[in-house]
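In: Next comes the sequence, and after it the predicted model I'd like to discuss.
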Amino acid sequence: MADLRTAAYGALLLRLSLGTMWISHALLKLIVFTVPGFAGFLQSLGMPGFLAGPVIAAELIGGVLILTGFYGRYVSILLIPVMLGAMSAHIGNGWVFSAPNGGWEYPLFLMMASLAHGLIGDGALALRSHPLPVLGRLATN
């Protein structure tokens, strides 16, 4: 059972941490790897290089929306496929993201934290939060 006195603040901490991680993940690609460098990495995996810009934008904008709590729980769910793609790119590299070409545990953690955020909600101090309709119906049945 959740402690209803503190649950909203726990969700807030999850949301702030998750939004920050999505933003930093995007900025790593943008500033360190650069858009052309990330596009080349995608192409080396057999993926279209033109996805680099949209992926970076989704991570950056999504991270800001999560951080601010502007329908953040929905954004977290929508970003899960981005991390599925990242995990498929890194799954063969083994454990530990600092391994050559990165491991799979970081993308998996971001996916699971995003799923948890989607299920739990935005918590305290969200700009525009909204309950998931399906979960609301389940809770009342």
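Out: In hand now; what should we look at?

In: going forward, measure contacts between C-alpha atoms and count neighbours the same way
Out: OK.

In: Tell me where the protein has helices.
Out: 7-27, 35-44, 52-68, 72-90, 105-120, 133-140 (DSSP state H).

In: and the angle from the third one to helix 35-44?
Out: I take that to be helix 52-68. Taking axes from the mean of the first three to the mean of the last three CA atoms, to 10 degrees, helix 52-68 and helix 35-44 form an angle of 110 degrees between their directions.

In: which other residues reach helix 52-68?
Out: By CA atoms under 8 Å, 6 or more residues apart in numbering, the surrounding residues in contact with helix 52-68 are 15-27, 29-30, 35-36, 38-39, 42, 71-73, 75-76, 79, 82, 122, 126-127.

In: ok, now with 6 Å
Out: The contact list for helix 52-68 (CA atoms under 6 Å, 6 or more residues apart in numbering) reads Arg15, Leu16, Gly19, Trp22, Ile23, Ala26, Ala39, Gly72.

In: Have a look at this structure and report the helix or strand with the lowest mean pLDDT.
Out: Every helix and strand of the chain was ranked by mean pLDDT, DSSP states H and E. The lowest is helix 133-140, at a mean of 51.

In: Please state the offset of stretch 117-134 from the chain centre?
Out: In terms of CA atoms, centre = their mean, to the nearest Å, the centre of stretch 117-134 is found 15 Å from the chain centre.

In: same question, stretch 69-77
Out: Counting by CA atoms, centre = their mean, stretch 69-77 comes out at 10 Å from the chain centroid.

In: Return the set of buried residues in that stretch.
Out: Neighbour-count burial for stretch 69-77, counted by 16 or more other CA atoms under 10 Å, picks out Gly69, Phe70, Tyr71, Gly72, Arg73, Tyr74, Val75, Ser76, Ile77.

In: so which of those residues comes closest to Phe50?
Out: Val75 (22.1 Å; CA to CA).

In: So, low pLDDT: which residues of this structure?
Out: Low-confidence segments of the chain, defined by pLDDT under 70: 134-141.

In: can you do 90?
Out: Within the chain, the stretches with pLDDT under 90 are 1-2, 88-104, 129-141.

In: which residues touch Asn93?
Out: So Asn93 contacts Gly103 (CA under 6 Å, 6+ apart).

In: how many neighbours does Leu132 have?
Out: For Leu132, the count of nearby residues is 14 (other CA atoms under 10 Å).
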